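>>> Dropping the sequence and predicted coords here.
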Amino acid sequence: MINIIYLRKDQVAAHRSAVEAVAAERIYLGLVTLPPFDPEQAFPLRLIENDWPMYAAMDGNDLVGWADITPVGVPECVHRGVLGMGIVASHRGAGTGRRLLDACLEHAPRCGITKVEVTVFTSSTAAIALYRRAGFTDTGVIKDYRRLDGVSYDALMMEKFLA
């Protein structure tokens, strides 16, 4: 049974491990290697401290997925949030991503976020389908968004208005 919970500070290292596992696949996240881990300055801590959406999928004591929405850092744009999420390979295809996404989208308006944006590689057809089912619409494609190992990846920009 997978439980969706708000990430706790004591789970930041487990979150990092899950992100590293997905990044190591080199096909889903923008980064394939992460900067050095500093548990005192880790990215999720900023979300937790501000009560921004930061959810984890737990299989018992194992963190197997995450989703977060970070407000854009420009004061005039804080109504916009950027979605990030991932599921470790062993737990994909079971609806966990949708549950994480729904938790974040429900939480976002409490933080003043009324629009959520996501960038997804066009090769990530399952993720694109998930976002479309959740009400995201396409806003455009960025050609040659990333180059890795001599391969160019395009990215689809998507958005969802919450209010």
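That came through fine. Numbering: from 1, shown residues only.

>>> Could you pull up the residues touching residue 28?
22, 86, 121, 124, 127 (Cβ atoms under 8 Å, 6 or more residues apart in numbering). For the C-beta atoms, the positions are set from N, CA and C on the backbone; glycine is no exception.

>>> can you check residue 18 too?
63-66, 86, 88.

>>> circling back: with secondary structure, pLDDT and neighbour count added, can I get the contacts of residue 28 in TSV?
As requested, those are exported to TSV (DSSP: H, G, I helix; E, B strand; the rest coil; pLDDT from 0 to 100; neighbours: other Cβ atoms under 10 Å):
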residue	secondary structure	pLDDT	neighbour count
22	helix	96	21
86	strand	97	22
121	strand	97	18
124	coil	95	16
127	helix	96	21
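
>>> can you pull out the helices in the protein?
12-24, 43-50, 96-107, 125-133 (DSSP state H).

>>> Let me know which of those helices is tucked in deepest.
The highest average neighbour count among the helices of the chain, using mean count of other Cβ atoms under 10 Å, belongs to helix 96-107 at a mean of 19.

>>> Off-centre distance for it?
On the basis of Cα atoms, centre = their mean, to the nearest Å, helix 96-107 is displaced by 10 Å from the centre of the chain it belongs to.

>>> Could I get the contacting residues of residue 66?
Counting by Cβ under 8 Å, 6+ apart, residue 66 has contacts 7, 15, 18-19, 54-57, 84-86, 100.

>>> Likewise for residue 17?
residue 63.

>>> Going forward, count from 30.
Let's use 30 as the start, then, which means that last one is residue 46.

>>> distance of it from residue 82?
20 Å (Cβ to Cβ, to the nearest Å).

>>> next one: residue 152
Taken as Cβ to Cβ, the span from residue 152 to residue 82 is 26 Å.

>>> Mind checking which of those two has more residues around it?
Using other Cβ atoms under 10 Å, the more surrounded residue of residue 152 and residue 82 is residue 82, with 27 against 14.
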